[in-house]
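> Sharing a model that was predicted from the sequence below.
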Protein chains: 2
Amino acid sequence: MTVAPSPGEVDTPARGGRIRRQHEVAILAAAEQVFARAGFQGATMAEIALAAGLPKSNLHYYFGTKAEVYRAVLANILRLWLAETDRINADADPREALAHYIEAKMRLTAEHPDASRVFANELLHGAPEIGDYLCNELRLLVADKAAVIEAWIAAGKMAPVDPVHLFISLWALTQTYADFETQVCAVLNRPSLESADYRRATAHVLNLVLRGCGLAPPILEGSFPCST
Amino acid sequence: MTVAPSPGEVDTPARGGRIRRQHEVAILAAAEQVFARAGFQGATMAEIALAAGLPKSNLHYYFGTKAEVYRAVLANILRLWLAETDRINADADPREALAHYIEAKMRLTAEHPDASRVFANELLHGAPEIGDYLCNELRLLVADKAAVIEAWIAAGKMAPVDPVHLFISLWALTQTYADFETQVCAVLNRPSLESADYRRATAHVLNLVLRGCGLAPPILEGSFPCST
DNA sequence: TGAAAACCTGACCATATCGTCAATTTTTTA
DNA sequence: TAAAAAATTGACGATATGGTCAGGTTTTCA
C-alpha cells in the first residue's frame, strides 16, 4: 500500500460530495477508536457505525468492507508518523536534533494514543497491510537518517551507537506509553496518563537517551515551559 | 487473576491423569502460537485444535471455553515474566545487576517471542484478564525494586534516573524486538531475527542504558563469548 | 478381569457479524 | 424547477465460529 490516497491525485482530492468528506472523517475517527480497543478482528462494523452515529448500512455505502476502513485508518496514521525526522540532517546539532525528535514522537504518542495502538496492533500481527510500506519507504527513510548519525559518530560528536537500533529504541521508548498504557498506569499507580505524566516520561526518555548517546543531559526535571 | 493455578494447590498439581497433562501442554503451546499471531478474537478454536493435533471437541474436553485456554496461556507467560529481578537488590553492584536484568529479558524475548506477543496483545487491549495482576503483584515488585535503585542513586552509584520509568524503558527496549519484529526486520533489512541479531540488539541496549544511567559501558560490540 | 473413571469425537445448534440490495429520501445541478 | 446524482436505510442472506452432547473407546486400578 502507499500512503498517498492513490496515484495521480492530490491529498484529500475532494472525491465525492461535501457530505461524503464529512462522514468519512467521522467514520475514520470512530474506526480508529474501535480498532485501537478491539483490534481488526475484534472490531465490528456495527460498533464503528454506532460510534460514528450512522446506521451500519450507511457505513457500507462509504467503505465497502471492514478491511477498507482499516486500510484508510492506517493510511491516516502513516501520514502522521512519516513526518518529524526533518531535523535529523548532517548540518544539525546531534543533541538538538535527537531531543527534538524525541519530544515530537512523545507529543504524537500523547496526542494520538489510539493511532499508536492501531499501528502497534498491525505490527504485532505481522503487518499484513503495511508490510510493503515498512520494507520500502520506512526502511529507506531510516537508512538515510542512520547515515547522518553515522557521520555524527565519525565526527566524534556523539558516542558510538548503532543508528538503526537507536531508532528502534526511540520508537519503543516513546510508543510504549500509548501501546501499553495499562501497564504503565499500573506501575505508576495512576488511573490514567495525564499531561504531567507525559512531561515526566519525556524528561526521562530525553535524559536516558541523550546521556546514553554521550550527549550531556540538557533538561532537568521540572524545567519545562509548561505549567505543572 | 492469580499466577498460581488456584488457591490451595501447588504448582502443576497433577490434577487429572497422565494423558491430560500431556495434552494440556500441547494445547497451551499451540494456543500460544495461534494467539500470538491472531490475537484473542482472531484465534479460532479450530485453528488451535489443528495446531495441537486434536479434534476441536477434544480441545473443549480439556478447556471449556476459548477464554479458559487464553487465561491458561497468560498464566504460563506470567510465570516466565515474574522471575529475573532477583539480582536487583541493595547489596548488588548497579552495573552488574542492570546488565544481568537486560540480558535476561533479552534472552527471554528471543526465546519466547510468541509469549511476549500474547502479553503485548493483552496489554494493548487494556489487559482485561491480567489487570489485577498488574495493579498488585507487578506494581509491588516494581515499587520494591525502584526503592533499590533510588538507594543506588542516593549513594552516588549511578546517575539520577526515575526508577519506575527506567523499568518501563527496559521492558519497551527489549520486548520491542519480539512484539514489533516485523518492523525491526524491515528496517534492519533482514528476513527474520537470528541469534546474531539478538546479540547485536543486546549489546546496543546494554550500551545505551548503562551509559544512560551513568554506568560505564562494559561490553564492546563483538566481545561476546559466543561464536561469530 | 471387570467395573469405574477418564478420554474421545462426529454431528449438531445458536449466534454473531459481514456484506447486499432494493426502495426511498435528500442534495445537487442544468 | 425538474431531472440526475448522491445519500440513506431496514430487512435479509451467507457464513463462520464457539460451544454442546450423546454415545463410544481407552485407560486405570482394585
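Done, it's in. The shown structure was predicted, so the numbers you read here are calculated from the model rather than taken from an experiment.
> now the helices for chain A?
A:18-42, A:45-52, A:56-62, A:66-82, A:94-111, A:113-124, A:131-133, A:139-154, A:163-179, A:181-188, A:195-212 (DSSP state H).
> possible to save those helices as TSV with mean neighbour count and distance to residue B:106?
The C-beta positions use only the backbone N, C-alpha and C, and glycine is treated the same way. Formatted as TSV, the helices of chain A follow (neighbours: other C-beta atoms under 10 Å in any protein chain shown; distance: least, C-beta to C-beta, whole Å):
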stretch	mean neighbour count	distance to residue B:106
helix A:18-42	18	27
helix A:45-52	18	38
helix A:56-62	15	44
helix A:66-82	18	26
helix A:94-111	19	23
helix A:113-124	24	19
helix A:131-133	17	25
helix A:139-154	16	21
helix A:163-179	24	12
helix A:181-188	22	19
helix A:195-212	21	16
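> Residue B:90: which of these is closest?
helix A:181-188 (20.0 Å; C-beta to C-beta).
> What are the contacting residues of the closest one?
A:113, A:176-177, A:191-193, A:197, B:123, B:126-127, B:131, B:134-135, B:138-139, B:142-143, B:164, B:167-168, B:171 (C-beta atoms under 8 Å, 6 or more residues apart in numbering or on different chains).
> Please save the CA atoms from that helix in PDB.
Extracted in PDB, the C-alpha atoms of helix A:181-188 (Å, rounded to 0.1, in the frame of the first residue of the first chain):
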ATOM      1  CA  GLU A 181      -0.700   2.400  28.900                       C
ATOM      2  CA  THR A 182      -2.500  -0.100  31.100                       C
ATOM      3  CA  GLN A 183       0.800  -1.500  32.400                       C
ATOM      4  CA  VAL A 184       2.400   2.000  32.700                       C
ATOM      5  CA  CYS A 185      -0.600   3.200  34.700                       C
ATOM      6  CA  ALA A 186      -0.400   0.100  36.900                       C
ATOM      7  CA  VAL A 187       3.200   0.500  37.900                       C
ATOM      8  CA  LEU A 188       3.000   4.300  38.200                       C
END
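> residue contacts, the closest residue to residue A:24 other than its chain neighbours?
Closest residue to residue A:24 apart from its sequence neighbours, by C-beta to C-beta, 6 or more residues apart in numbering or on different chains: residue A:62 at 5.9 Å. By C-beta under 8 Å, 6+ apart, residue A:62 lies in contact with A:20, A:23, A:24, A:27.
> any chance of the helices of chain A in a markdown table, with distance to residue B:38 too?
Output for the helices of chain A, formatted as a markdown table (distance: least, C-beta to C-beta, whole Å):
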| stretch | distance to residue B:38 |
| --- | --- |
| helix A:18-42 | 7 |
| helix A:45-52 | 19 |
| helix A:56-62 | 24 |
| helix A:66-82 | 15 |
| helix A:94-111 | 26 |
| helix A:113-124 | 10 |
| helix A:131-133 | 16 |
| helix A:139-154 | 26 |
| helix A:163-179 | 18 |
| helix A:181-188 | 21 |
| helix A:195-212 | 31 |
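> Tabulate these (JSON lines), appending distance to residue B:70 and mean pLDDT.
As requested, these are exported to JSON lines (distance: least, C-beta to C-beta, whole Å; pLDDT from 0 to 100):
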{"stretch": "helix A:18-42", "distance to residue B:70": "13", "mean pLDDT": "96"}
{"stretch": "helix A:45-52", "distance to residue B:70": "21", "mean pLDDT": "98"}
{"stretch": "helix A:56-62", "distance to residue B:70": "28", "mean pLDDT": "98"}
{"stretch": "helix A:66-82", "distance to residue B:70": "23", "mean pLDDT": "95"}
{"stretch": "helix A:94-111", "distance to residue B:70": "28", "mean pLDDT": "97"}
{"stretch": "helix A:113-124", "distance to residue B:70": "16", "mean pLDDT": "98"}
{"stretch": "helix A:131-133", "distance to residue B:70": "27", "mean pLDDT": "96"}
{"stretch": "helix A:139-154", "distance to residue B:70": "34", "mean pLDDT": "97"}
{"stretch": "helix A:163-179", "distance to residue B:70": "20", "mean pLDDT": "98"}
{"stretch": "helix A:181-188", "distance to residue B:70": "16", "mean pLDDT": "98"}
{"stretch": "helix A:195-212", "distance to residue B:70": "30", "mean pLDDT": "98"}
